[in-house]
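> Build me a structure from this.
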Amino acid sequence: MTSDLVNGAALLGALGLASLGATRVGGPAALQEPPSLVEARPSGEAVTALIDARGARVPVGDYARVVSVNAVADQLLLHLIEPERVAAVTDHSRSRHPEGWRFGARPTVSQKEDIERVLSLKPDLVLVSRFADAARVSRLREAGVEVFDLGEMRGVETTREDIVTLGTLLGQPERAGRLLARFDRELAALEARVPPAEAQPEGIYLSVYGDTFFGGTVGTSYADMLRYGGVRDKAARAGFTGWPQYTPEQLLVLDPTLILTQEGMARTICAHAQLSLMAACRPDGRVIELPGAYHSDPGLGLIEAAAAVQARVHDPLEPHPHPHTERDHDRDP
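Below you'll find the predicted structure:
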């Protein structure tokens with residue numbers, strides 16, 4: 001069978017999905033390789049196994065008890081296999097994702113879950129990401145469980161790859177094809193509503209964790225959110241990539257007039273002694289809070305995230321109060 005090995009990109013092309021073999025750009029040098037399709041029969045009739053992002057060979061099959069420890073995979077499984085085949089999903093997807101209700105009372109797991117807890121669910125396949133601990137993955141495989149690492153979760157291109165990979169792995173390439181076509185149609189519809197570049201404001205994504213400021217730009221889902229939301233990424237133009245950890249001084253140099261952030265962060269950003277000097281925190285600037293958790297979803301949730309950006313940035317009929325309003329009223333005399 002080893003003589004039947006085929007190049008993953010070539011097989012994707014044969015499936016009409018060659019664009020999924022595109023290189024993932026903008027991230028750290030140690031990016032994982034995307035999963036590859038391998039061991040197709042000479043006629044191309046069937047794919048019998050996949051090589052995951054860690055180089056492990058995993059057979060294609062009708063897995064009956066799939067445990068997902070990958071937030072992107074959680075949502076994809078809803079579209080690819082019958083509900084009874086999903087044994088568990090991540091706690092994040094069921095408890096904190098806007099569409100967590102779709103998982104009902106299904107059991108949940110986390111990246112740090114005890115192996116015995118996962119094994120108690122009697123999975124025949126566990127889906128993980130690059131964050132899964134290598135020792136835990138090894139223990140699952142030693143227990144006879146197939147484990148598939150989908151690799152990086154970085155937005156549109158990796159989501160497209162994941163749709164095809166999971167559809168193939170789970171024996172549902174037709175369903176994957178339909179889901180991919182729908183995803184692409186929704187992206188095209190968003191792009192059709194994006195104003196010309198000269199009419200797009202320049203801005204950045206920014207979030208705050210304690211005293212640390214993080215961005216999201218080239219090579220991440222936040223770059224896709226900005227692009228399809230109709231915002232030119234000022235951080236990318238300044239040479240930032242991935243998830244930069246900004247200093248206040250760097251943010252003052254960027255001096256964005258528009259900042260997109262998560263709920264509850266606008267006031268925190270503009271209350272900072274140094275960041276209050278940024279253009280976005282002045283009366284004629286904008287710090288826009290994005291509702292829900294779609295903006296942190298690097299998978300299918302990108303559609304809702306980008307639509308929310310479009311509505312808040314480009315819809316003049318929908319008022320969005322500037323954070324100064326509330327902050328100035330609360331300022332000590």
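> And stretch 123-130, what's buried?
Going by neighbour count (16 or more other CB atoms under 10 Å), the buried part of stretch 123-130 is 123-129. In short, each C-beta sits where N, CA and C put it, glycine included.
> and the two most separated of the residues you listed?
Farthest apart among the buried residues of stretch 123-130 by CB to CB are Asp124 and Ser129. That separation is 19.1 Å.
> coming back round to it: quick one: which of the buried residues of stretch 123-130 is nearest Glu99?
Nearest to Glu99 among the buried residues of stretch 123-130, with distances taken as CB to CB, is Leu127, at 17.9 Å.
> Go ahead and confirm the closest one touches Arg65.
No: assessed by CB atoms under 8 Å, Leu127 is found out of contact with Arg65, at 11.8 Å.
> where do the strands sit along the chain?
All strands of the chain, identified by DSSP state E, fall at 36-40, 47-51, 57-59, 66-68, 86-90, 108-109, 125-128, 146-149, 202-209, 212-215, 232-233, 245-246, 258-262, 286-290.
> List of residues touching the longest one?
With contact meaning CB atoms under 8 Å, 6 or more residues apart in numbering, strand 202-209 is reached by 213-217, 222, 225-226, 231-235, 237, 246, 251, 254, 256-262, 265, 268-269, 280, 286, 295, 313.
> could you redo the strands of the chain as JSON lines and give each row mean pLDDT and distance to Phe183?
Shown next, in JSON lines, are the strands of the chain (pLDDT from 0 to 100; distance: least, CB to CB, whole Å):
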{"stretch": "strand 36-40", "mean pLDDT": "56", "distance to Phe183": "19"}
{"stretch": "strand 47-51", "mean pLDDT": "95", "distance to Phe183": "20"}
{"stretch": "strand 57-59", "mean pLDDT": "98", "distance to Phe183": "24"}
{"stretch": "strand 66-68", "mean pLDDT": "96", "distance to Phe183": "18"}
{"stretch": "strand 86-90", "mean pLDDT": "92", "distance to Phe183": "20"}
{"stretch": "strand 108-109", "mean pLDDT": "86", "distance to Phe183": "25"}
{"stretch": "strand 125-128", "mean pLDDT": "97", "distance to Phe183": "19"}
{"stretch": "strand 146-149", "mean pLDDT": "98", "distance to Phe183": "21"}
{"stretch": "strand 202-209", "mean pLDDT": "96", "distance to Phe183": "21"}
{"stretch": "strand 212-215", "mean pLDDT": "97", "distance to Phe183": "25"}
{"stretch": "strand 232-233", "mean pLDDT": "98", "distance to Phe183": "22"}
{"stretch": "strand 245-246", "mean pLDDT": "98", "distance to Phe183": "31"}
{"stretch": "strand 258-262", "mean pLDDT": "97", "distance to Phe183": "22"}
{"stretch": "strand 286-290", "mean pLDDT": "96", "distance to Phe183": "20"}
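> Determine which of those approaches Glu191 most closely.
strand 232-233 (14.2 Å).
> Now do that closest one: distance to the chain's middle.
Distance of strand 232-233 from the chain centroid (CA atoms, centre = their mean, to the nearest Å) equals 19 Å.
> Also stretch 222-242?
Offset of stretch 222-242 from its chain centre (CA atoms, centre = their mean): 15 Å.
> Just the terminal-to-terminal distance for it.
Using CA to CA, to the nearest Å, one end of stretch 222-242 lies 9 Å from the other.
> what mean pLDDT does the biggest helix by length in the chain have?
In the chain, with assignment by DSSP state H, the single longest helix is helix 173-193. Averaging pLDDT along helix 173-193 yields 98.
> where along the stretch 51-200 of the chain do the helices fall?
71-80, 91-95, 115-120, 134-142, 156-169, 173-193 (DSSP state H, counting those that start in this stretch).
> and what of the stretch 201-333 of the chain?
Under DSSP H, counting those that start in this stretch, the stretch 201-333 of the chain gives helices at 221-229, 234-237, 248-254, 266-271, 302-314, 323-330.
> shaky segments in the protein?
1-34, 36-45, 100-101, 111-113, 316-333 (pLDDT under 70).
> Would you mind giving the domain segments of it?
Annotated domains of the chain cover 2-186, 196-330 [automatic domain parsing].
> about what we covered before: now distance to Ala134 too, for the strands of the chain, in a markdown table please.
Output for those, formatted as a markdown table (distance: least, CB to CB, whole Å):
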| stretch | distance to Ala134 |
| --- | --- |
| strand 36-40 | 20 |
| strand 47-51 | 17 |
| strand 57-59 | 16 |
| strand 66-68 | 18 |
| strand 86-90 | 19 |
| strand 108-109 | 17 |
| strand 125-128 | 10 |
| strand 146-149 | 10 |
| strand 202-209 | 26 |
| strand 212-215 | 26 |
| strand 232-233 | 34 |
| strand 245-246 | 25 |
| strand 258-262 | 31 |
| strand 286-290 | 34 |
